[in-house]
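1. Here is my input, please return the structure:
(one chain, ligands or ions: 1)
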Amino acid sequence: MPTRDRVAAVAAGPRGRAAAAAVELTGLHKNWGSVQAVRGVDVIIAPGEVVAVLGPNGAGKSTTIDMLLGLTAPDAGTVRLFGEAPGIAVREGRVGAMLQSGALLPDVTVRELVATFAALHRHPLPVAEALRRAGIADIAGQRTTKLSGGQAQRVRFALALVPDPELLVLDEPTVAMDVEVRRSFWSSMRELVADGRTVLFATHYLEEADDFADRVLVLAGGRVVADGTGAQIKAAVSGRTVSAVIPDVEGSRSSLSALPGVLRVEQVGPRVLLHCSDSDAALRALLAAEPRAHDIEVSAGDLEDAFLALTARTVADADAAHHLTADPASAPSTRSSR
Ligand SMILES: Nc1ncnc2c1ncn2[C@@H]1O[C@H](COP(=O)(O)OP(=O)(O)OP(=O)(O)O)[C@@H](O)[C@H]1O
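-> Here you go, the predicted model:
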């Protein structure tokens with residue numbers, strides 16, 4: 001079923017009734033001492049959506065996830081999971097979580113650990129099923145102290161699956177997994193998502209977010225600085241920059257921003273920077289429009305720079321959220337000439 005239909009079907013609920021949002025974060029703030037870790041996060045996630053939270057180190061991803069799960073109290077704002085307080089939704093087994101760290105119980109086998117967790121839940125998945133879905137049936141007899149980093153992550157994933165949750169929350173789930181394990185992890189996830197579960201996962205990897213999520217939230221400096229599909233975020237953050245020296249450019253800045261493939265125009269000293277979604281098209285159009293352009297350079301966008309640029313724009317606009325839309329003409333902050 002196409003993603004949009006699946007989300008709509010799940011959101012309508014079993015009898016076609018409108019269901020509460022799977023996740024509703026309203027005005028979340030959290031300071032750690034003088035560090036403003038989360039500075040006004042508002043997010044609604046519909047049942048059945050698969051959402052990636054992408055952001056650089058220190059962006060506030062883990063703090064947001066901890067508040068979402070009720071592990072940390074917000075300084076301001078509210079969290080609702082399926083219309084309930086997080087503690088209630090977690091106790092009811094509606095939420096499974098895989099956090100970044102957390103020691104696994106020592107001196108037990110993987111199977112014993114998963115069985116112990118299952119005994120704590122009212123309607124757990126059968127242990128063999130949790131092991132199979134997490135792809136760790138082959139290491140079920142291994143002691144938890146003898147696991148590699150990637151295996152330990154998959155055991156944490158099995159523990160998140162034990163309540164047979166409607167919402168899975170995963171904080172950087174593929175850290176320490178090699179390429180092969182990462183691939184099989186995402187294929188297990190696809191099986192779970194096909195059942196209509198809601199998934200929220202944090203990651204540093206744009207490719208991972210784009211491959212797996214319906215929707216990507218970019219968090220930087222404790223705020224949501226972009227919210228769109230992977231393709232939209234990619235166009236906004238991973239474009240190339242064409243730069244050139246153009247004599248007497250002042251009068252033609254607005255026409256440069258209208259060239260094909262150009263998202264934004266900036267002037268740095270004598271150079272004009274064209275931030276592009278399609279640098280080839282932009283370059284061709286630039287040469288036709290400005291034959292006197294010289295010292296032309298094309299450089300790859302850097303993800304970290306792009307996050308910072310998104311943050312800077314958001315702060316400058318004093319705008320809490322920057323929604324990217326399918327129609328780039330209606331996304332002013334990625335189009336405007338500055
Ligand atoms: N328990 C804590 N005590 C003090 N400061 C904290 C605590 N947890 C997070 N911080 C700080 O809050 C900010 C946001 O951290 P957070 O871990 O939420 O970001 P993140 O996006 O998850 O980063 P990473 O990708 O590195 O895990 C950082 O400056 C971090 O140092």
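2. nearest residue to Ala281 other than its sequence neighbours?
-> Gly261 (3.6 Å; CB to CB, 6 or more residues apart in numbering). Every C-beta, even on glycine, is put in place using the N, C-alpha and C of the backbone.
3. So that neighbour sits against His275, correct?
-> No: between Gly261 and His275 there is no contact, the gap being 10.1 Å when judged by CB atoms under 8 Å.
4. Who has more neighbours out of these two?
-> His275 (23 against 19; other CB atoms under 10 Å).
5. which SSE is the more buried one in?
-> strand 271-276 (DSSP states H and E).
6. residues near Met67, how many?
-> As a burial measure, Met67 scores 25 neighbours (other CB under 10 Å).
7. Wait, a strand at it?
-> No: using DSSP: H, G, I helix; E, B strand; the rest coil, the assignment for Met67 is helix, not a strand.
8. Skipping its backbone neighbours, what lies nearest it in space?
-> Per CB to CB, 6+ apart, closest to Met67 is Pro74, 4.9 Å.
9. Under a three-state scheme, what state does the one you found occupy?
-> Remark: Pro74 carries the secondary structure label coil [criterion: three-state DSSP].
10. which ones are touching it?
-> 28-30, 38, 67 (CB atoms under 8 Å, 6 or more residues apart in numbering).
11. Just the buried residues of stretch 148-161, please?
-> Across stretch 148-161, burial judged by 16 or more other CB atoms under 10 Å covers 150-161.
12. I'd like those as TSV, with pLDDT, distance to the ligand and secondary structure appended.
-> Listed next are the buried residues of stretch 148-161 as TSV, based on pLDDT from 0 to 100; distance: CB to the nearest ligand atom, whole Å; DSSP: H, G, I helix; E, B strand; the rest coil:
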residue	pLDDT	distance to the ligand	secondary structure
Gly150	86	18	helix
Gln151	89	21	helix
Ala152	91	17	helix
Gln153	90	15	helix
Arg154	91	20	helix
Val155	93	20	helix
Arg156	93	15	helix
Phe157	93	18	helix
Ala158	94	22	helix
Leu159	94	20	helix
Ala160	94	18	helix
Leu161	94	23	helix
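13. Which single one of those is nearest to Ala128?
-> Nearest to Ala128, judged by CB to CB, of these is Ala158 at 10.7 Å.
14. That closest one contacts Ala137, doesn't it?
-> No: if you go by CB under 8 Å, Ala158 and Ala137 don't touch, sitting 9.7 Å apart.
15. tell me, what's touching the two both at once?
-> Joint contacts of Ala158 and Ala137 (CB under 8 Å, 6+ apart) are Leu131.
16. what about the closest residue in space to Thr109 that isn't next to it in sequence, is that helix, strand or coil?
-> Using CB to CB, 6+ apart and skipping the chain neighbours, the partner closest in space to Thr109 is Gly141 (5.4 Å). Three-state call for Gly141 (three-state DSSP): coil.
17. Point me to the helix or strand that includes Leu200.
-> Secondary structure from DSSP H and E places Leu200 in strand 198-203.
18. Need the residues that contact stretch 51-60.
-> Residues outside stretch 51-60 that contact it (CB under 8 Å, 6+ apart) are 30, 37-39, 41, 45, 61, 64-65, 198-206, 208-209, 212-223, 230, 233, 304, 307.
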